[in-house]
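Q: sequence isn't available, so here's the structure alone:
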């Protein structure tokens, strides 16, 4: 398993929170148990208030698995997946 940060951005006009059935469907993707069934471990999620920007920190087998799992977010905006490291690992190897 490797660490990744998934970032989703959308505009105020395309904000899925405006449409309850859409919002609840996407919320199921951020559910820890649902993600685990797809081989993804969610460590945390946050939405920047007023910014329409979601961050999810996950462990997964590879980047494609994360992209595929969170693909429904692309319907409302962008999805970027970036390989990441825990702070202790960065300090241990001496570079980001």
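A: Structure received. Computed from a prediction, not measured in an experiment: that's the story for all the values here. Numbers count the residues shown, from 1 in each chain.
Q: pLDDT on stretch 43-53, on average?
A: Mean pLDDT, computed over stretch 43-53, is 96.
Q: quick one: distance of it to the chain centre.
A: Centroid separation for stretch 43-53 versus its chain: 10 Å, with C-alpha atoms, centre = their mean, to the nearest Å.
Q: next, the contact list for the nearest residue to residue 83 once chain neighbours are set aside, please.
A: Residue nearest to residue 83 in three dimensions, not counting chain neighbours: residue 4, with 5.9 Å by C-beta to C-beta, 6 or more residues apart in numbering. All C-beta atoms are positioned from the backbone trio N, CA, C, and that covers glycine. Residue 4 is in contact with 57, 58, 59, 60, 63, 66, 81, 82, 83, 84, counting by C-beta atoms under 8 Å, 6 or more residues apart in numbering.
Q: am I right that residue 68 sits in a strand?
A: No - counting by DSSP: H, G, I helix; E, B strand; the rest coil, residue 68 is not part of a strand but helix.
Q: that one and residue 61, how far apart?
A: Remark: distance between residue 68 and residue 61 (C-beta to C-beta, to the nearest Å) = 11 Å.
Q: for residue 51, helix, strand, or coil?
A: coil.
Q: which residues in this structure form helices?
A: Using DSSP state H, the helices of the chain run over residues 20-29, 32-37, 63-69, 87-93.
Q: out of these, flag the one nearest residue 50.
A: Closest approach to residue 50 among the helices of the chain (C-beta to C-beta): helix 20-29, 16.3 Å.
Q: figure out how far the closest one is from the centre of its chain.
A: 14 Å.
Q: so what touches it?
A: Helix 20-29 is contacted from outside by 16, 17, 34, 35, 69, 70, 72, 73, 76, using C-beta under 8 Å, 6+ apart.
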